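Colleague: Next come a sequence and a model predicted from it.
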Amino acid sequence: QVQLAESGGGLVQAGGSLRLSCAASGRGFSNYSMGWFRQPPGKEREFVAAITWSGGDTYRADSVKGRFTISRDNAKNTAYLQINSLKPDDTAVYYCAAGTIFPAIHLSEYDYWGQGTQVTVSS
């Protein structure tokens, strides 16, 4: 099993940047594709980005292309989400997830989830 813990969220001004981290513990992190999702206030959780087990391929939602970058460091058992040019609409709880399918854009395609980290963007 894999346990996931997100960090790096916070309150930032529009136009700023954040790097979210997803630290994995347990066994087999490098065997899993990783995904990031977000859940804005009052809305459903939505797919943001995914990366293969090796980091060799990534996939992003059209809405975040050009601003969000997903990456991973298997030696550190950590996945990352770099968010640039933050907008108030990016305000959400951000979740990382691990699964065996790539690209996986549906919640049901992931096996393990973190607890989320809050990102709030002020205008």
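Modeller: Perfect, I can see it now.
Colleague: Straight-line length of stretch 39-51, end to end?
Modeller: 19 Å (C-alpha to C-alpha, to the nearest Å).
Colleague: And that stretch, what's buried?
Modeller: 45, 47-51 (16 or more other C-beta atoms under 10 Å). Quick note: C-beta positions are derived from backbone N, CA and C, even for glycine.
Colleague: Likewise for stretch 88-99?
Modeller: Those would be 90-99, for stretch 88-99 by 16+ other C-beta under 10 Å.
Colleague: Taking the centroid of this structure, which residue is nearest it?
Modeller: With distances taken as C-alpha atoms, centre = their mean, the residue of the chain nearest its centroid is Trp36 (2.6 Å).
Colleague: Can you classify it as helix, strand or coil?
Modeller: At Trp36 the chain is in strand, as set by DSSP: H, G, I helix; E, B strand; the rest coil.
Colleague: hey, what's it bridged with?
Modeller: Ala49, Cys96 (DSSP bridges).
Colleague: And it, how close does it get to Tyr95?
Modeller: Trp36 is 7 Å from Tyr95, where distance means C-beta to C-beta, to the nearest Å.
Colleague: need the strands for the protein, in chain order.
Modeller: Residue ranges of the strands in the chain, as given by DSSP state E, are 2-7, 10-13, 18-26, 33-39, 46-51, 58-60, 68-73, 78-83, 92-99, 110-113, 117-122.
Colleague: Next, the angle from the last one to strand 18-26.
Modeller: Taking axes from the mean of the first three to the mean of the last three C-alpha atoms, to 10 degrees, strand 117-122 and strand 18-26 form an angle of 180 degrees between their directions.
Colleague: Excluding its own residues, what touches strand 117-122? List them.
Modeller: Contact with strand 117-122 is made by 6-14, 16, 18, 20, 38, 83, 86-94, as judged by C-beta atoms under 8 Å, 6 or more residues apart in numbering.
Colleague: one more time with 6 Å
Modeller: The set of residues external to strand 117-122 that reach it, using C-beta atoms under 6 Å, 6 or more residues apart in numbering, is 6-7, 9, 11-14, 86, 88, 90-91, 93-94.
Colleague: cool, and the first one?
Modeller: Residues outside strand 2-7 that contact it (C-beta under 6 Å, 6+ apart) are 21-26, 96, 98, 112, 114, 116-117.
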